[in-house]
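[1] Quick one: sequence and predicted model below, then my questions.
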Amino acid sequence: MTYLSDSIIEWYEKYGRKKLPWKSIEPNPFHIWVSEIMLQQTQVTTVVPYFQKFIARFPNIHTLAIAREDEVMSLWSGLGYYARARNLHKTSKIIEKQFNGFFPTSFHDLISLPGIGRSTAGAIMSLAYNQSYAILDGNVKRVLARFHQVSRPGSETKYESSLWDLANKHLPNKENDKYTQAIMDLGATICKRSKPDCDICPLKTKCQSFHFNTQDAYPMPAKKIRIRKMNKTFIVFRNREKIYLEKRTLNDIWGGLWSFMETEDKKNIQAIIKDFDRNSKIVKKLEPFIHKLSHREIKINTVIVETSKNTDNFFALNEINFGLPKPVAQIIEHLKLER
DNA sequence: AATTCGGGGCT
DNA sequence: AGCCCAGAATT
């Protein structure tokens, strides 16, 4: 099958996005890898400023591999899905040690690395090395689901599998790098989720959804996830200009970032405070606010506690340079303004 | 096979 | 207010 790839590549020559910051005349595998990880479940416009700051600080694998994890997390702060950053760092060390600092060039080696799955490995093989591998991101899924009117059976696995088959079937026999970029660009700029610009789409003469006017029905919607609502109380221990922070464990949200002590049960607040410092007391409560995640909705309460303790985990507001969850960063900004 | 993991853009 | 985004790892 070459109609689809030929048409898309031809379209890309005229209308594709060729100036994204991770693109260069000579492909840079390190840049492509970092961008692919940042772009997982994250839109291009969100990623661009993070990518530029990240590359300015870590221009190559070596600088990343020898960095402190806290600094890596700091540059990821606000981007979300923090396991991506931890895996990125972990993988840079693996490449330094096990691959002698050379970025892997085979699909087998790439997919063995933390944070690199089938689609990301395919993207690197294609975009960095012009090898014939498919990707299956949200853009490609949408284009293929519409082009073929792919239905979503009971089994999600079968649906994914049939899309992968189509993605492989449509691979061109040359210019795979250009094709991969092209089909993503088409999905992002023409074959959009809502109001696709079918009239100027290079695939319209053979697109099933255009023919039957079913663009809104494809891709068929995924199963709805239910959003868990929960409460959290952040306990901000403050000693003059310094506040207490601790590093979060990896098996929860915001893993590896620094945060306040917290509880989900308000009845525990007094006990936690007295356990920390029996002479401390609550001096203030901030206005509660809702922090929304894609799978949770957290009502965040904040209590400020004055303490005279001053351990290693106390930091001046202006010297905090590691990763912070969004709501924690918000609260710290608020505290700075009060000064 | 289903759930978990962020935060933001767009409608 | 709800859905989706250059998905992968874990349960």
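    Structure's in. What do you need?

[2] Enumerate the residues of the stretch 151-300 of chain A near DNA strand C.
    Residues of the stretch 151-300 of chain A found near DNA strand C (C-beta under 7 Å from any atom of the strand) are A:181, A:184-185, A:187-188, A:193, A:219, A:221-222, A:224, A:251, A:294. Backbone N, C-alpha and C define where each C-beta goes, glycine included.

[3] Could you find which two of those residues are furthest from each other?
    A:185 and A:251 (37.4 Å; C-beta to C-beta).

[4] More neighbours: these two, which one.
    Using other C-beta atoms under 10 Å as the criterion, residue A:185 and residue A:251 rank with residue A:185 on top: 20 against 6.

[5] Residue A:241 contacts residue A:316, doesn't it?
    Yes. Applying C-beta atoms under 8 Å as the test, residue A:241 and residue A:316 come out as touching, 5.4 Å apart.

[6] So those two - more neighbours on which side?
    It is residue A:241, of residue A:241 and residue A:316, that has more neighbours when counted by other C-beta under 10 Å, with 13 against 10.

[7] Quick check: the more buried one vs DNA strand B, distance?
    25 Å (C-beta to the nearest atom of the strand, to the nearest Å).

[8] OK, contacts around that residue?
    Applying C-beta atoms under 8 Å, 6 or more residues apart in numbering to residue A:241 gives the contacts A:316-317, A:339.

[9] Can you tell me which of the residues you listed is closest to DNA strand C?
    Nearest to DNA strand C among the contacts of residue A:241, counting by C-beta to the nearest atom of the strand, is residue A:317 at 31.0 Å.

[10] and whatever residue of the stretch 101-250 of chain A ends up closest to DNA strand C, how many neighbours?
    Closest residue of the stretch 101-250 of chain A to DNA strand C, C-beta to the nearest atom of the strand: residue A:117 (2.4 Å). Residue A:117 is flanked by 12 other residues according to other C-beta under 10 Å.

[11] Might you report the residue contacts of the closest residue to DNA strand B within the stretch 201-339 of chain A?
    Closest to DNA strand B within the stretch 201-339 of chain A is residue A:253: 2.9 Å, counting by C-beta to the nearest atom of the strand. For residue A:253, the contact set (C-beta under 8 Å, 6+ apart) comprises A:293, A:296, A:325.

[12] Any chance of these in JSON lines with distance to residue A:246 as columns?
    Below are these laid out as JSON lines (distance: C-beta to C-beta, whole Å):
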{"residue": "A:293", "distance to residue A:246": "21"}
{"residue": "A:296", "distance to residue A:246": "21"}
{"residue": "A:325", "distance to residue A:246": "12"}
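
[13] near DNA strand B, from those?
    Contacts with DNA strand B are made by A:293, A:296, A:325 out of those, judged by C-beta under 7 Å from any atom of the strand.

[14] Verify the contact between the last one and residue A:260 for me.
    No. Taking C-beta under 8 Å as the definition, residue A:325 is not a contact partner of residue A:260, at 9.6 Å.

[15] between these two, who's got more neighbours?
    More neighbours surround residue A:260 than the other of residue A:325 and residue A:260, with 24 against 21 (other C-beta under 10 Å).

[16] How about the more buried one: what's its closest non-neighbour residue?
    With sequence-adjacent residues excluded and distances taken as C-beta to C-beta, 6 or more residues apart in numbering, residue A:260 is closest to residue A:234, at 4.1 Å.

[17] follow-up on the earlier one: would you mind checking the residues of the stretch 151-300 of chain A next to DNA strand C for buried ones?
    The neighbour-count criterion (16 or more other C-beta atoms under 10 Å) marks A:181, A:184-185, A:187-188, A:219 among those as buried.

[18] and the residues you listed, which of them are in helices?
    A:181, A:184-185, A:187-188 (DSSP state H).

[19] DNA strand B: which of those residues is nearest?
    Using C-beta to the nearest atom of the strand, those come closest to DNA strand B at residue A:188, 10.4 Å.

[20] so who does the closest one touch?
    Counting by C-beta under 8 Å, 6+ apart, residue A:188 has contacts A:17, A:44, A:139.

[21] which parts of the lengthiest helix in chain A are buried?
    Identified as the longest helix of chain A according to DSSP H is helix A:83-98. By 16+ other C-beta under 10 Å, the buried positions in helix A:83-98 come out as A:84-92, A:94-96.

[22] Following element in sequence after that helix, please.
    Next in sequence after helix A:83-98, counting helices and strands by DSSP states H and E, comes helix A:107-111.

[23] by contact count, what packs against that following helix?
    In terms of contacts (3 or more C-beta pairs under 8 Å, 6 or more residues apart in numbering; DSSP states H and E), helix A:107-111 is packed against helix A:118-129.

[24] Pull the number of nearby residues for the closest residue to DNA strand B within the stretch 101-250 of chain A.
    Closest contact between the stretch 101-250 of chain A and DNA strand B, by C-beta to the nearest atom of the strand, is at residue A:157 (3.1 Å). Counted with other C-beta under 10 Å, residues neighbouring residue A:157 total 9.

[25] What residues of whichever helix or strand it is part of count as buried?
    Residue A:157 is part of helix A:156-169 when elements are defined by DSSP H and E. Going by neighbour count (16+ other C-beta under 10 Å), the buried part of helix A:156-169 is A:159, A:162-164, A:166-167.

[26] quick one: terminal-to-terminal distance for stretch A:70-87?
    From the first residue to the last, stretch A:70-87 extends over 13 Å; the measure is C-alpha to C-alpha, to the nearest Å.
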